[in-house]
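> Mind folding the following:
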Amino acid sequence: MRRRELCAGAAGLVAGLAGCAATQQEFEFESTPATFADGAVAEAGYESEGTEEVVVERTVTAGGSERDVTVTNHSTEYTREVTLAETPRSLVVAVAFSTPSMAVAGQEFNPIAAESRRELAGRMRDRIAERLDGEGPDDLAAVTERETTVLGTSTTVGVFEGTIVLEAGERQLRLLVTRVEDNQDYVVLGAAYPAELADEERPRVETLFGAVEHGEES
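Model (predicted):
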């Protein structure tokens, strides 16, 4: 159940914070998974690696009391194989990450809501580096920004570049990231590819970013 309020008898999360602190101080929030449409994935030449639950437990202070919160995020990841130096390698990654709003009494506790695109790029860097079995890039530099529309919302895509350390050596990686708010979730999109393939790979990423699917669970 999404955004499950665990205080017995409370009508909602805010009511629980206001009146049920003595009986229950644990709350759960869960996002709806975000994905790229199958047709766009096929057109862009990617393959789905599936959706993973990313569970985070934290303590927040609301109404003068500490609350234990469990947040279930979802990360759907895609890869694409490219040929560099006549060697096929899976060096292209795209991610659709959803995380729930944790707004309580007008206060948002999800840090992703206020993070800059550079901070979001840092988060995406870590997931993408893990997918590529690499380290970094720690030296992300802003390259440019692009405007696009995701889930009906106009948004800015930040473009960054840095050096990733792979088993086969170092490589310049270009990373794109953006965030929109949709159906009480924050949807963060990220993609990375070798910088020398930017002219070829950027249109593929634009195809994915323009075909995001994210809806309420049944």
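> Okay, now the unreliable bits of this protein?
1-25, 63, 105, 136-137, 168, 216-218 (pLDDT under 70).
> can I assume V55 is in contact with V71?
Yes: V55 is within contact range of V71, at 7.1 Å (criterion: CB atoms under 8 Å). For the C-beta atoms, the positions are set from N, CA and C on the backbone; glycine is no exception.
> Show residues contacting the biggest helix by length in the chain.
When the chain is parsed with DSSP state H, its longest helix is helix 117-131. The contact list for helix 117-131 (CB atoms under 8 Å, 6 or more residues apart in numbering) reads 49, 75, 77, 79, 93, 95, 97, 112, 115, 135-137, 140, 142, 145, 156, 158, 160, 162, 164, 173, 175, 177-179, 188, 190, 192.
> where along the protein do the helices fall?
Under DSSP H, the chain gives helices at 13-19, 38-44, 117-131, 198-209.
> quick one on the thing from earlier: between V55 and V71, who's got more neighbours?
V71 (19 against 10; other CB atoms under 10 Å).
> Against E57, how distant is that one?
8 Å (CB to CB, to the nearest Å).
> Check which residues of stretch 98-113 are buried.
In terms of neighbour count (16 or more other CB atoms under 10 Å), stretch 98-113 has its buried residues at 98-102, 104, 109-110, 112.
> quick one: which two of these are the most distant?
Farthest pair in those (CB to CB) is S98 and V104. Separation: 19.3 Å.
> Now do the contacts for S31.
S31 neighbours (CB under 8 Å, 6+ apart): 2, 72-74, 98-100, 185.
> Narrow the residues you listed to those in strands?
Taking DSSP state E as the definition of strands, the contacts of S31 contribute 72-74, 98-100, 185.
> In JSON lines: these, plus distance to A85.
Putting the ones in strands among the contacts of S31 into JSON lines (distance: CB to CB, whole Å) gives the following:
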{"residue": "T72", "distance to A85": "41"}
{"residue": "N73", "distance to A85": "36"}
{"residue": "H74", "distance to A85": "35"}
{"residue": "S98", "distance to A85": "36"}
{"residue": "T99", "distance to A85": "38"}
{"residue": "P100", "distance to A85": "43"}
{"residue": "D185", "distance to A85": "40"}
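> Tell me which residue lies nearest the centroid of the chain.
Nearest to the geometric centre of the chain sits F97, at 2.8 Å (CA atoms, centre = their mean).
> quick one on the thing from earlier: Serialize the helices of the chain to TSV and add fields for mean neighbour count.
Output for those, formatted as TSV (neighbours: other CB atoms under 10 Å):
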stretch	mean neighbour count
helix 13-19	18
helix 38-44	15
helix 117-131	19
helix 198-209	18
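> could you dump these to a markdown table with distance to T83?
Converted to a markdown table, the helices of the chain look like this (distance: least, CB to CB, whole Å):
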| stretch | distance to T83 |
| --- | --- |
| helix 13-19 | 51 |
| helix 38-44 | 16 |
| helix 117-131 | 19 |
| helix 198-209 | 11 |
